[in-house]
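A.B. asks: missing the sequence, but the structure's below:
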Ligand code: SF4
Ligand code: SF4
């Protein structure tokens, strides 16, 4: 499409599939292109799947609409603008000048009359003047459970929150726990179960993982529930046979990588002090990728590696791997602080974003760009208390993997959510958090990790100690998403 055409036909690009009840491609219809955001694995609980019902695009009434409050906007290029509503079902939208002009008309209330108006409304860039603005909050469909299969690890990472020992989960404990997880999912009417196998180093217990994964597969069929399984690993000791088994049995793999070479070695040494980068590189380049298994990469950013985040991102993107950039979280009951100083962290993240802009993958990457923030609108930072369970190696139930040593119950019932719901960790809605409830980014950030907030302030109902970092980086992350959408549809010069 040439530039003149792109300026006269309204074009709105978004990062989410939706269905328009119109099988006609009239030339004067807005051209809407959508793509799904990736779901990244990280070592936290995904927030509940709060997303808009995208099927009902055109309201049946004649309500007046106007521009939503607190719209974030940016000039992406001379021909395209970026616009983001706090109430957007997914990330920001890209509008060409024609669509942008139409949006500006809604500075004054008016009814929907053009095809593109429905898209602006669906993205909540315009909203009914009479209805109070709110985020749709459907019931979460996925129950996620962290299975802490061992305390043991062959590495000795300084930021690790696991109190290391040789203790591991027994088969009996693991099978019983998975049974309770499925009972809970069924009772609570979830549609899917996700199991995350972690440690310590989970692959030290590979035989157990296989037993648990096979049992989960069997239960998923018995209960008629979908199943996703992920292994969280340091990537140092996965064999060709392990990788083949994961592929065959549909298990995903997440590997921690904190830099390239010496920077990774600094934060992820073996117990004898030697670095582990070479082993991770060998696993990925010589075992996983040749075997057809693409791991997801997670980078934990501390004061020791913030300056190396860009190299880690480049290394992963060169291999076409998904990357998730996460901030260090303080260990419970520890005075140690490995968090990067704020400006160092921001500089390191911006350097990593520069790499994204150079490479600009077509696959969606917004969900991995900024700690726990997610492109899809949601009220709670994570699923703690509503769709997330943690089972420690002794079979006890905890609210969060950071609290393995402080379980809420040592006995598992057939409704595990009831047991975690009333635990001490309060994962409250962002709408109840001071300073957050008017923030443009509130439904992407949801106020940050509740444990980090409580550690910093002694309160659950205030904004994250990382708030300034998030607010500084969101515009850059959104811009990258806008550029990705333009590239995907051939409009990036
Ligand atoms: S922590 Fe900061 S960026 Fe996040 S929602 Fe609250 S005010 Fe907004
Ligand atoms: S409380 Fe914090 S560390 Fe725990 S799952 Fe939620 S975001 Fe992650």
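C.D. replies: Everything's here; your move. All figures in this text were calculated on a predicted structure; none of them were measured in a lab. Numbering: from 1, shown residues only. Ligands and ions are numbered 1, 2, ... in the order given.
A.B. asks: Helix or strand: which one has the closest residue to residue 124 other than its chain neighbours?
C.D. replies: Leaving aside its sequence neighbours, residue 124 sits nearest to residue 87 (Cβ to Cβ, 6 or more residues apart in numbering; 3.7 Å). C-betas here are computed from N, CA, C, even on glycine. Secondary structure assigned from DSSP states H and E places residue 87 in neither a helix nor a strand.
A.B. asks: and stretch 465-476, which residues are buried?
C.D. replies: Using 16 or more other Cβ atoms under 10 Å as the burial criterion, the residues of stretch 465-476 that qualify are 465, 466, 467, 469, 470, 473, 474, 475, 476.
A.B. asks: and ligand 2, which of the residues you listed reach it?
C.D. replies: Near ligand 2, judged by Cβ under 6 Å from any ligand atom, there are no entries from the buried residues of stretch 465-476.
A.B. asks: Of those, just say which sits nearest to ligand 2.
C.D. replies: Taking Cβ to the nearest ligand atom as the measure, ligand 2 sits nearest to residue 466 out of those, at 11.4 Å.
A.B. asks: quick one: residue 235 is in a helix?
C.D. replies: No. Using DSSP: H, G, I helix; E, B strand; the rest coil, the assignment for residue 235 is coil, not a helix.
A.B. asks: Leaving out chain neighbours, which residue sits closest to it?
C.D. replies: Using Cβ to Cβ, 6+ apart and skipping the chain neighbours, the partner closest in space to residue 235 is residue 255 (3.7 Å).
A.B. asks: Count the residues that sit near that neighbour.
C.D. replies: A total of 21 residues lie near residue 255 under the criterion other Cβ atoms under 10 Å.
A.B. asks: quick one: contacts for it?
C.D. replies: Each residue near residue 255 by Cβ atoms under 8 Å, 6 or more residues apart in numbering is listed here: 233, 234, 235, 280, 283, 284, 295, 296, 297, 298.
A.B. asks: Can you read off the pLDDT for it?
C.D. replies: The score at residue 255 is 97. That number is its pLDDT.
A.B. asks: In terms of helices and strands, where is it?
C.D. replies: Element membership for residue 255 (DSSP H and E) is strand 251-256.
A.B. asks: where in the stretch 51-200 of the chain is pLDDT low?
C.D. replies: When residues are selected by pLDDT under 70, those of the stretch 51-200 of the chain lie in 51-61.
A.B. asks: can you do 90?
C.D. replies: Per-residue confidence for the stretch 51-200 of the chain (pLDDT under 90) gives these ranges: 51-62, 90, 114-115, 131-140, 158-164.
A.B. asks: Just give the nearest non-adjacent residue to the residue of the stretch 151-300 of the chain found nearest ligand 2, would you?
C.D. replies: Using Cβ to the nearest ligand atom, the point where the stretch 151-300 of the chain gets nearest to ligand 2 is residue 161, with a distance of 9.0 Å. Among residues not flanking residue 161 along the chain, residue 331 sits closest, at 4.6 Å (Cβ to Cβ, 6+ apart).
A.B. asks: picking that back up, output the buried residues of stretch 465-476 in CSV; the columns should cover secondary structure and distance to residue 271.
C.D. replies: Listed next are the buried residues of stretch 465-476 as CSV, based on DSSP: H, G, I helix; E, B strand; the rest coil; distance: Cβ to Cβ, whole Å:
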residue, secondary structure, distance to residue 271
465, coil, 31
466, coil, 31
467, helix, 37
469, helix, 32
470, helix, 35
473, helix, 35
474, helix, 39
475, helix, 42
476, helix, 38
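A.B. asks: Which SSE is immediately downstream of the strand holding residue 255?
C.D. replies: Tracing the chain C-terminally past strand 251-256 and defining elements by DSSP H and E, one meets helix 262-267 next.
A.B. asks: Run through who's touching that following helix.
C.D. replies: 157-159, 257-259, 274-277, 280, 300, 302, 304-305, 307-308, 311-312.
A.B. asks: Can you give me the buried ones in the helix or strand just after it?
C.D. replies: Next in sequence after helix 262-267, counting helices and strands by DSSP H and E, comes helix 277-282. Taking 16+ other Cβ under 10 Å as the neighbour-count basis, helix 277-282 is seen to contain the buried residues 277, 279, 280, 281.
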